[in-house]
Structure formats: structure tokens, C-alpha cells
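Enquirer: quick one: sequence and predicted model below, then my questions.
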Amino acid sequence: MRKWASDWLDLPVHVASDAPRIEIIGSMTMQVENYQEIEKFNADELLLKTKTGILKIEGKQLKIKAIQPEVVWVEGKIQGFQFQE
């Protein structure tokens with residue numbers, strides 16, 4: 001339904017989707033939209049539950065800068081991320 005609405009309204013897919021949206025600024029800041037909950041957090045790893053699976057963020061000196069119901073901002077030396085099912 002969301003895909004159909006996106007196509008019909010000529011909107012980008014991410015606008016009408018609950019898929020995680022990730023924005024990275026350099027290697028020090030990451031914003032993740034559409035997460036459901038924090039599964040695990042420490043200075044080296046953050047696991048976020050999303051509707052499509054687990055988003056694993058790895059780095060050094062990671063910290064959660066801000067958090068809202070569907071958006072989380074992470075700062076630190078971000079070394080990588082991957083999706084896990």
C-alpha cells in the first residue's frame with residue numbers, strides 16, 4: 001500500500017515507508033529514523049530494532065546525543081553499520 005501511495009503521489013519511497021532512514025555526517029554523527037527500540041548500547045556498539053531487522057552500528061566512544069520516539073542521533077567515531085535479520 002505504501003509503495004502504491006508513493007508511486008501514485010510521485011513521492012520518494014522513503015517518504016511513504018517505515019524502512020529505517022540513515023543519515024551520516026562525516027564519520028562522527030549518524031541520525032537513524034524509524035527505529036523501534038534500542039536493543040543494546042555501549043561505547044563500541046549500538047543495536048537498534050527496526051521493522052526490517054536489527055541495525056548494528058559499530059564504533060568507538062559512541063554516545064546517544066539525542067533520542068525521540070522515532071529518531072536517534074549517535075555521535076562518536078562511527079566505524080561501520082550493517083543490517084541483521
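Expert: Sure thing, it's come through. Numbering: from 1, shown residues only.

Enquirer: wait, what's in contact with the residue lying closest to residue 20 once chain neighbours are set aside?
Expert: Nearest residue to residue 20, sequence neighbours excluded (CB to CB, 6 or more residues apart in numbering): residue 50, at 4.5 Å. Glycine gets a C-beta too; all of them are placed from N, C-alpha and C. By CB atoms under 8 Å, 6 or more residues apart in numbering, residue 50 lies in contact with 19, 20, 34, 35, 36.

Enquirer: try it again at 10 Å.
Expert: Applying CB atoms under 10 Å, 6 or more residues apart in numbering, we find residue 50 in contact with 18, 19, 20, 21, 32, 33, 34, 35, 36, 37, 83.

Enquirer: and the closest residue to residue 52 other than its chain neighbours, helix, strand or coil?
Expert: Among residues not flanking residue 52 along the chain, residue 19 sits closest, at 5.9 Å (CB to CB, 6+ apart). Assigned with DSSP: H, G, I helix; E, B strand; the rest coil, residue 19 falls in the coil class.

Enquirer: residue 19 and residue 32 touch, don't they?
Expert: No - the criterion here is CB atoms under 10 Å, and residue 19 misses it with residue 32 at 11.2 Å.

Enquirer: of the two, who's got more company?
Expert: residue 32 (21 against 14; other CB atoms under 10 Å).

Enquirer: hey, what's the residue nearest the centre of the chain bridged with?
Expert: By CA atoms, centre = their mean, the chain has its centre lying nearest to residue 32, at 2.9 Å. Beta bridges link residue 32 to residue 22, residue 72, judged by DSSP bridges.

Enquirer: return the residues in contact with it.
Expert: By CB under 10 Å, 6+ apart, the neighbours of residue 32 are 20-24, 46, 48, 50, 55, 57, 70-74, 81.

Enquirer: how much space between it and residue 64?
Expert: Separation of residue 32 from residue 64 (CB to CB, to the nearest Å): 10 Å.
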